[in-house]
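1. structure for the following, please:
(3 chains)
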Amino acid sequence: MSGDAVMVTPDPAAEIQVTAQIQQFYARHMQAIDRGDVDAWLDTFTDDATIANNTRPEPARGRATIATVARRLVADAAGSGVVHRHWTGMAQVARQPDGTVRATSYALVVQTPGPAGSAGPGSAGSAAPGLWRSTVCVDVLVREDGRWRIRQRNVTHDDVR
Amino acid sequence: MSGDAVMVTPDPAAEIQVTAQIQQFYARHMQAIDRGDVDAWLDTFTDDATIANNTRPEPARGRATIATVARRLVADAAGSGVVHRHWTGMAQVARQPDGTVRATSYALVVQTPGPAGSAGPGSAGSAAPGLWRSTVCVDVLVREDGRWRIRQRNVTHDDVR
Amino acid sequence: MSGDAVMVTPDPAAEIQVTAQIQQFYARHMQAIDRGDVDAWLDTFTDDATIANNTRPEPARGRATIATVARRLVADAAGSGVVHRHWTGMAQVARQPDGTVRATSYALVVQTPGPAGSAGPGSAGSAAPGLWRSTVCVDVLVREDGRWRIRQRNVTHDDVR
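-> Down below sits the predicted model:
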């Protein structure tokens, strides 16, 4: 069950380089979806990527299906005026013998409500930010065209048993 | 009082390697306790480790004592149905002249309540996650058997003065 | 609009070194202000630094002005008994052709209220920590005297539109 059960031969310099690349990957990946740039976010998945989670019986399969879901979620958030910020942390990054990387991270979504009475630009919102989701995210990433992409994502929501 | 007051001669490559190792250490360490794997978590402490904090007068001394406390906390959380996720961040990692590392980090515990009315597997929880604890964590880590272990931990809870 | 639009020629070792330095910079920078060490915090800005945000029309210009604002904020927090912890994460670090670094991060402030009825040292606070601010922070950092300093900061608060 451990995220570091399967490891390739240790190579400190390679470990550090891959871990640094994966950290930068998640920063780009999460900032893209949070600013509503669905195209940039989709480009961080492989064509045949799957996203599974413990709240739906069937995973989303392929970039086209993932795109549909993502565009709906971004539109919903924009419509309700909330701002989401996805944070990942505590990542265990394990290089696999086949060259892929398995990253087991915590992921939080911070939600800031829209201004209660919209008083135009510069108006201060009344409500504090809060935590919307707490999850564990297990990704399998592959190297394509000189960059990392997610081939398989498995999200476990902490509020669903 | 600064976490970087005592430093060994700078060596950029060594700094980066140690900092990367300490980051991976905390990921393994925190994921172990959060999934209830007390044995894996205990193995991240030395035999003579101590844990002190500002909520109890006496520190816990030795792995056996730490084990007793940890098993009780894990059982309490499991009994109440909550899920805890420990996040560390903002780590200042300072190599000491004696070969140990002093890491001064922030540590948060995110708590997700159990489902209000347990409706079986797959039922959505009603309550949002929240912050349970905000602390500053100062660890002294030593290298043993090719891995880092905590010899001394000092936790300051922000809600206790 | 992307944080990685302008990049210098890739050099993996240099990228990793700079990214590690910037991470350590933010740990020192944020821990300084949170423990009320305004002098140490001010030393992480250049003399001519500016701080702009979307809640005030005019940026703060120069270290002296920044000092005045910072000392007031630290005094306000101390007076109300709250503890603040600044967390940055999801940092996109981009080296610029002119040698500066552009870092686009998320920044959260965690706030722990003071003890409701102060019952002296060791008394447990009654209120849980919460999120006080969720922001996006874009910094331009320059290398001075062998260390990084912020020359320009731009903060976007998520609750202000």
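
2. now residue A:25. Nearest residue, chain neighbours left out?
-> Distances taken as C-beta to C-beta, 6 or more residues apart in numbering or on different chains put residue A:148 closest to residue A:25, at 4.8 Å, once the chain neighbours are dropped. C-beta here means a position set from N, CA and C on the backbone, and glycine is covered the same way.

3. what number of residues lie near that neighbour?
-> 22 (other C-beta atoms under 10 Å in any protein chain shown).

4. and residue A:15, what element?
-> For residue A:15, the host element (DSSP states H and E) is helix A:12-34.

5. from the chain's centre, how far out does the helix or strand hosting the residue nearest to residue A:25 sit?
-> Following DSSP H and E, one finds residue A:148 within strand A:147-157. Here the centre of strand A:147-157 is set off from its chain's centre by 7 Å, with C-alpha atoms, centre = their mean, to the nearest Å.

6. gap between the residue nearest to residue A:25 and chain C?
-> Separation of residue A:148 from chain C (C-beta to the nearest C-beta, to the nearest Å): 14 Å.

7. and what of residue A:38?
-> 14 Å.

8. could you do residue A:74 as well?
-> 15 Å.

9. ok, that residue touching residue A:36?
-> Yes - with contact defined as C-beta atoms under 8 Å, residue A:74 counts as touching residue A:36 (5.0 Å).

10. list the contacts of the residue most central in space within chain A.
-> Nearest to the geometric centre of chain A sits residue A:30, at 5.6 Å (C-alpha atoms, centre = their mean). Residue A:30 makes contact with A:85-88, C:90 under the criterion C-beta atoms under 8 Å, 6 or more residues apart in numbering or on different chains.

11. residues of chain A that sit close to chain B?
-> A:1-4, A:12, A:15-16, A:19-20, A:54-55, A:89-93, A:104, A:106, A:108, A:130-134, A:136, A:158-161 (C-beta under 8 Å from any C-beta of the partner chain).

12. now, the residues you listed that are in helices?
-> Judged by DSSP state H, those include A:12, A:15-16, A:19-20 as members of helices.

13. turn these into TSV, columns for distance to residue B:43, pLDDT and neighbour count.
-> Formatted as TSV, these follow (distance: C-beta to C-beta, whole Å; pLDDT from 0 to 100; neighbours: other C-beta atoms under 10 Å in any protein chain shown):
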residue	distance to residue B:43	pLDDT	neighbour count
A:12	21	83	12
A:15	20	89	19
A:16	23	92	21
A:19	22	94	21
A:20	27	94	21
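
14. closest to chain B among those?
-> Lowest distance from chain B to these (C-beta to the nearest C-beta) belongs to residue A:16, with 4.8 Å.

15. residue of chain A with the smallest distance to chain B?
-> Closest point on chain A to chain B, by C-beta to the nearest C-beta, is residue A:159, at 3.0 Å.

16. model confidence for residue A:116, exactly?
-> Looking at residue A:116, its pLDDT stands at 57.

17. oh, that last question was meant for residue A:36, not what I typed.
-> At residue A:36, the model reports a pLDDT of 96.

18. what's the answer for the one 4 residues further on, then?
-> Per-residue confidence at residue A:40 stands at 98 (pLDDT).

19. now the nearest residue to it once chain neighbours are set aside: how far from residue A:151?
-> Of all residues not flanking residue A:40 in the chain, residue A:32 sits nearest, at 4.0 Å (C-beta to C-beta, 6+ apart). From residue A:32 across to residue A:151, the span is 18 Å (C-beta to C-beta, to the nearest Å).

20. what does residue A:56 give?
-> 19 Å.

21. and if you look at residue A:16?
-> In terms of C-beta to C-beta, residue A:16 sits 23 Å off from residue A:151.

22. what does residue A:115 give?
-> 40 Å.

23. what about residue A:108, how many neighbours?
-> For residue A:108, using other C-beta under 10 Å, the count is 22.

24. could you do residue A:155 as well?
-> If we define neighbours as other C-beta under 10 Å, then residue A:155 has 17 of them.
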